[in-house]
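Enquirer: Sequence and computational prediction follow.
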Amino acid sequence: MKKLAIIIYLLPFYCLGQGADAFLQSGNSKANLKDYKGAIADFTKAITLNPRNANAYLYRANAYGNLNNNTAAIADFTKTIEINPNSVDAWHYRANAKSNEKDYQGAIDDFTRAIVLEPGNAELYEYRGVAKANLGKNKDAIADYDIAVRLKPNDAKLIFYRANSKTNLSDYKGAITDYGLTIGLDPNNAEAWFYRANAESNIKEYVAAVADYLKVIELNPKLPELYHYLANAQSNMGDSKGAVEFFNKAIIATPDKAELYMGRAIAKSSLDDKEAALTDFGKAIKLNPKYDEAYQNRADLKINIQDFKGALNDADTAIRINPKNSYGYVSRAKAKLGLKDSTGALADFAIAIKNNPRGSYAYLGSGDIKAAQKKYQEAIDLYTKSIDVFIQNPDAYLHRAAVKNTMGNIDGSFADYKKAIEVIPQNNELYIDYAKLLISAGRYKDAVNILTDGIVINSKNVSFYSLRGVAKSKMGDMTGAMDDHDDAVKLAPNSSEAFTNRGNSYVALKEYDKALEDINKGILLNDANDEAYLARGDLKLQKKEYTGAIYDYINVLLLNQKNFKAYANRGLAESYTGDTLTMKRDFAMAIKLAPASEMVYMQRANALIYLKDWNGALTDLTKVISLNPQNARAYLNRGVIKAQRGDKTGSCADLNKAASFGSKDAVNELSKYCN
């Protein structure tokens, strides 16, 4: 909001009593000389002599405003309005004062009243738009800017404001157009070039973004994060090497410019040349010992090489030099996390958010801490804020997806994975992680579809074929599954994953010898692959080799203590060997690791059925159904137990449900119990 500075002598005078008139003139003269305290004293005397003079309150309000005493200014503007409710200036300037106090809704209301009185005043629409933007009402702000631009079509500042609101709405193309218009009217506006480059980066127009960032360097090389974003844009277009070459040339031309060394350091870091990057950060700091951004970026690099104490020292220095450096607090928070100080990290993220409420990473980092503390809803709220300020943030979607999955909100998790893939469609790992989640939730057709999309992106990725084979196998499409597994093995004959997954499909075909051969091959290729040992344990479990299965599950847990499937399946194997005490501990651990996993409860239900603990089995089967209302096996087993216990109505209802979800066994049981 532009700060109001009224030129008092331009305001109209009215006939006053001789004494009041003299004090008003004296107050105006003092105000024009910036003696605002003296002016206030004179205006107060004028008010004492004539307490119904609206202009006396208006002038005094302006003087209070120039002293940043917005509370007193608002009170005098209010008195002016009481005496003269048609004073456009009073409504306008009270709105400005309210904005200065961050009472944006109050400001909007006052601007609206002023607009009614003077609908052709572009400034009123402009500043009401700014107040709306400050409340996050960017669509409404743009509507006001549109009117203001029609009234003042060559006002670069107005178009710049509109561009910013379009950016906040992720209308990057519209923002780019408006930044271009701003630049046409004001070609030296470095921020317009900078923000246009950011918008271009957001829609992956990296060549245009780099050109704009280079223009910013000409106009204002000290804009925060400029070289960082330039390096990112060049890296995203696959040209970190080109970034280094650019900085090399710039350094030859101006070898004493600290910003260039910092920019080159960031580019070298992107090329994984950490030592050279540290050297360049050191040069930048030597040239400018007060260069807070250099310390902050060097802190980030030290975090990457796990020098957390060094990172903490650099972040401390950056903050000491510039307490408003919000990125410095983010870097210090990350360093503290590396040093296991989550309380200190959370406090630093909070300061970063206060300094820069539009900083996405501080919300993300805070969310990660809350997730680690199992405060899942707080974590989700923070991830959502991170997305609100930067809708293209894939990490925020992925972290939120993980927490939603932990909470059992599978559909919400899927939606976030899909959004992350939209943001970075070339990231193969996203397709893989998403497909694994879909498979674990029994959404096999969806998994096949997403992996097919992945193959279009990269037809040489062995995991896409291997996992699609897994999904097809689960769907009963064994021919398609084996074709995919064979393709995976041909693409990567040394892939432990490819052989292990094909082995699992052979298990589904009951071709146990081929299954064991493939799974053993998977273990031979990578003896640290916990999933291969899990597959062999599952094969032995199916073959009723319970002791051998238990040993393989032990191997899994030696490699990965968080593999909840190993605990659950070992618990089932232990039920068959009669080791119920260990069985209970294993299922308890599995539930602790994966409290929303239907697989864990299903395996425990199977164990309890074997042990004839019908009440416990019914409880677990009901839990499975609550987690996945389409689990045919859970309805089938619950229906059979109810039938055996004489609950014909409940049994038939469950068996009909199971049959409706495609269970052939349920059809047979219906004929037995429900005729």
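Expert: Sure, I can see it.
Enquirer: Just the residues contacting stretch 608-620, thanks.
Expert: The contact list for stretch 608-620 (CB atoms under 8 Å, 6 or more residues apart in numbering) reads 575-576, 580, 601-602, 604-605, 637-638, 641-642, 644-645. Using the backbone N, CA and C atoms, a C-beta is placed for each residue, glycine as well.
Enquirer: oh, I was asking about stretch 415-434
Expert: Contacts for stretch 415-434 (CB under 8 Å, 6+ apart): 392-394, 397-398, 400-401, 404, 414, 437, 450-451, 453-454, 457-458, 461, 463-464, 467.
Enquirer: Can you mark which positions in it are buried?
Expert: 416-417, 419-421, 423, 427, 430-434 (16 or more other CB atoms under 10 Å).
Enquirer: check contacts around residue 299.
Expert: 310-312, 314-315, 318, 328, 331-332, 335.
Enquirer: Any stretches of the stretch 451-600 of the chain with poor pLDDT?
Expert: Nowhere does the stretch 451-600 of the chain drop to pLDDT under 70.
Enquirer: In this protein, which residue is most central in space?
Expert: By CA atoms, centre = their mean, the mean C-alpha position of the chain lies nearest to residue 396, the distance being 2.5 Å.
Enquirer: Can you name the helix or strand that it falls in?
Expert: helix 394-406 (DSSP states H and E).
Enquirer: coming back round to it: quick one: which of the contacts of residue 299 sit in helices?
Expert: Of the positions in the contacts of residue 299, 310-312, 314-315, 318, 328, 331-332, 335 sit in helices, assigned by DSSP state H.
Enquirer: Quick one: the residues you listed as CSV, columns for distance to residue 498 too.
Expert: As requested, the ones in helices among the contacts of residue 299 are exported to CSV (distance: CB to CB, whole Å):
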residue, distance to residue 498
310, 42
311, 40
312, 44
314, 44
315, 44
318, 47
328, 46
331, 41
332, 44
335, 40
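Enquirer: Just flag the most distant two among those residues.
Expert: Taking CB to CB, the two most distant members of these are 310 and 328; they sit 14.7 Å apart.
Enquirer: Now do the nearest residue to residue 550 once chain neighbours are set aside against residue 629, distance only.
Expert: In this structure, residue 550 finds its nearest non-sequential neighbour in residue 573, 5.1 Å apart by CB to CB, 6 or more residues apart in numbering. In this view, residue 573 and residue 629 are 29 Å apart by CB to CB, to the nearest Å.
Enquirer: Next: residue 305.
Expert: If you measure residue 305 against residue 629 using CB to CB, the figure is 49 Å.
Enquirer: cool, and residue 343?
Expert: 41 Å.
Enquirer: Where does the prediction get shaky in the chain?
Expert: Where the chain drops to pLDDT under 70, the residues are 1-18, 228, 232, 235.
Enquirer: measure stretch 83-92 end to end?
Expert: Start and end residues of stretch 83-92 are separated by 16 Å (CA to CA, to the nearest Å).
Enquirer: Check stretch 181-197 too.
Expert: Across stretch 181-197, the terminal residues are separated by 14 Å (CA to CA).
Enquirer: all numbers from here: first residue = 42
Expert: Yes, from this point I'll number from 42; that puts the last item at stretch 222-238.
Enquirer: From the rest of the structure, what touches that stretch?
Expert: Taking CB under 8 Å, 6+ apart as the rule, stretch 222-238 contacts 195-197, 200-201, 204-205, 208, 216-217, 220-221, 249-251, 253-254, 256-257, 260-261, 264, 267, 270, 274.
Enquirer: Stretch 186-199 too?
Expert: With CB under 8 Å, 6+ apart as the test, stretch 186-199 has contacts from 161-164, 166-167, 170, 200, 202-203, 206, 222-223, 226-227, 230, 233.
Enquirer: Any quick ChimeraX command for the buried ones out of these?
Expert: Burial among those is assessed by 16+ other CB under 10 Å; the matching ChimeraX selection reads:
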select :162,163,164,166,167,170,200,202,203,206,222,223,226,230,233
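Enquirer: In helices only, show me the contacts of stretch 186-199.
Expert: Those of the contacts of stretch 186-199 lying in helices (DSSP H): 163-164, 166-167, 170, 200, 202-203, 206, 222-223, 226, 233.
Enquirer: Including distance to residue 428, could these go into TSV?
Expert: Shown next, in TSV, are these (distance: CB to CB, whole Å):
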residue	distance to residue 428
163	34
164	34
166	30
167	29
170	24
200	27
202	24
203	23
206	18
222	29
223	27
226	33
233	26
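Enquirer: Can you give me the distance of residue 370 to residue 340?
Expert: Residue 370 is 11 Å from residue 340, where distance means CB to CB.
Enquirer: Mutual contacts of the two, please.
Expert: Common neighbours of residue 370 and residue 340, using CB under 8 Å, 6+ apart, are residue 356.
Enquirer: Please save the CA atoms from stretch 194-214 in CSV.
Expert: Written as CSV, here are the backbone C-alpha positions of stretch 194-214 (Å, rounded to 0.1, in the frame of the first residue of the first chain):
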residue,chain,number,x,y,z
PRO,A,194,-4.1,2.4,-19.1
ASN,A,195,-0.4,3.5,-19.0
ASP,A,196,0.2,3.0,-15.3
ALA,A,197,3.0,0.4,-15.1
LYS,A,198,2.6,0.0,-11.4
LEU,A,199,-1.1,-1.0,-11.7
ILE,A,200,-0.4,-3.6,-14.3
PHE,A,201,2.5,-4.9,-12.2
TYR,A,202,0.1,-5.4,-9.3
ARG,A,203,-2.3,-7.3,-11.5
ALA,A,204,0.5,-9.5,-12.7
ASN,A,205,1.4,-10.4,-9.1
SER,A,206,-2.2,-11.4,-8.3
LYS,A,207,-2.3,-13.5,-11.4
THR,A,208,0.9,-15.2,-10.3
ASN,A,209,-0.7,-15.9,-6.9
LEU,A,210,-3.6,-17.6,-8.7
SER,A,211,-1.1,-19.7,-10.8
ASP,A,212,-2.3,-17.9,-14.0
TYR,A,213,1.3,-17.8,-15.1
LYS,A,214,0.6,-17.1,-18.8
